[in-house]
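S.K.: Fold the following for me, if possible:
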Amino acid sequence: MGNRYAGVWKNAAGLVIAVVHLIPFYILLAMAVKRPNDFSSRWRLPDYGYGDNFRAAMGGGKLLQAMTNSLIVTVCSVLLIVLLGSMAAYPLARVRTRVNLVVLSLFMSVMMVPKLTVLVPLYKLMAGIGGVSTYWGIVLLVTTYKLSACIFLYANFIATIPRALDEAATIDGCSRFSVFYRIVLPQMMPVTATVIIMNSVSIWNDFSFSLYFMQSPLKRTVTLAISSFFSQNNTNLNAAAAAALIAIVPATVLFLSLQKHYVKGIVDGSVK
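M.R.: Numbering: from 1, shown residues only. This next block holds a predicted model:
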């Protein structure tokens, strides 16, 4: 009986938390489908459909170009993070020497460094090599900054995979790279999905790096476009809400498509 009531309370608490998180999206949707001269409660959905807010967001806000820029940066960065992070984590997890333990500790320390503390030296460096307002510059910057957490997750997850699989593949004639590619990598789907979701959402929603390193209007990312759109349309909050609603769709779709692997990857990749 006690377990039954405990399950009910857990479900009720989960429902309350879900409702609290969904309320902002509901208000955003209610605002996005209303006419600019409709001053009714933002808690009430209108009994009509109004799509001009979305057309204004896509046109005046130049969201399509901004979303394309963000997509290029996000996809390229995540691919590099997954590829480099998994390959770097494999020897660190399999060869437990003092040097490798020190390297892993350094990665953990880098994860604690806030962005704002390194913006000035990073900007000086990127300006010196001509990387400001370029795709390759922001991809290199984001990839480098995100790699530490990725390597940490991958290394702890690989440590849970039995070494006997590596030894059996080596006896069968596989090289070290073949062992990683054919044996280890397919088993890392949960943590890979976690890395993809965490980094994709973070890079897509990034504002600070984009603000300083993507200054060209043609290279403006989606967060900068929405910020500019809000400042230019502070009297038309409905169109601004439509712009924000459009921008969160890709990240939401990605999370829903990979969510079944997300929790498992977090647990297995963080706790050995």
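
S.K.: low pLDDT regions in the stretch 151-272 of the chain?
M.R.: Under the criterion pLDDT under 70, the flagged ranges of the stretch 151-272 of the chain are 232-235, 259-272.

S.K.: Could I get the full set of helices for it?
M.R.: Per DSSP state H, counting those that start in this stretch, the stretch 151-272 of the chain carries helices over the ranges 163-171, 176-178, 189-204, 208-213, 222-232, 237-270.

S.K.: export these to TSV and tack on distance to residue 19 and mean neighbour count?
M.R.: For the C-beta atoms, the positions are set from N, CA and C on the backbone; glycine is no exception. Shown next, in TSV, are the helices of the stretch 151-272 of the chain (distance: least, CB to CB, whole Å; neighbours: other CB atoms under 10 Å):
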stretch	distance to residue 19	mean neighbour count
helix 163-171	44	13
helix 176-178	49	12
helix 189-204	22	22
helix 208-213	31	19
helix 222-232	25	19
helix 237-270	17	18
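
S.K.: Mind checking the ones you listed for the one nearest to residue 12?
M.R.: Among the helices of the stretch 151-272 of the chain, the nearest to residue 12 by CB to CB is helix 237-270 (20.4 Å).

S.K.: Give the buried residues for stretch 28-45.
M.R.: Across stretch 28-45, burial judged by 16 or more other CB atoms under 10 Å covers 28, 30-34, 42.

S.K.: which ones are touching residue 134?
M.R.: residue 219 (CB atoms under 8 Å, 6 or more residues apart in numbering).

S.K.: and it, what are its phi and psi?
M.R.: Main-chain dihedrals, residue 134, degrees, to the nearest 10: phi -130, psi 150.

S.K.: wouldn't residue 224 be in contact with residue 211 here?
M.R.: Yes - using CB atoms under 8 Å, residue 224 is in contact with residue 211, at 6.4 Å.

S.K.: Mutual contacts of these two, please.
M.R.: Counting by CB under 8 Å, 6+ apart, nothing touches both residue 224 and residue 211.

S.K.: so the closest residue to residue 218 other than its chain neighbours is in which element?
M.R.: With sequence-adjacent residues excluded and distances taken as CB to CB, 6 or more residues apart in numbering, residue 218 is closest to residue 65, at 7.3 Å. Element membership for residue 65, per DSSP states H and E: helix 63-94.

S.K.: now do residue 53
M.R.: According to DSSP H and E, residue 53 maps onto helix 52-60.

S.K.: and that helix, which residues are buried?
M.R.: Using 16+ other CB under 10 Å as the test for burial, helix 52-60 gives 53-54, 56-58.

S.K.: how far does it sit from the chain's center?
M.R.: Using CA atoms, centre = their mean, to the nearest Å, the distance from the centre of helix 52-60 to the centre of the chain it belongs to is 26 Å.

S.K.: got a list of contacts for that helix?
M.R.: Under CB under 8 Å, 6+ apart, the answer for helix 52-60 is 32-34, 36, 63-64, 229, 232-233, 236, 238-243, 246.

S.K.: again, only this time at 7 Å
M.R.: Residues from elsewhere that reach helix 52-60, judged by CB atoms under 7 Å, 6 or more residues apart in numbering: 32, 63-64, 229, 238-239, 242-243, 246.

S.K.: go on, stretch 86-96?
M.R.: Residues from elsewhere that reach stretch 86-96 (CB under 7 Å, 6+ apart): 100, 103-104, 151, 154-155, 158-159, 180, 184-185, 188.
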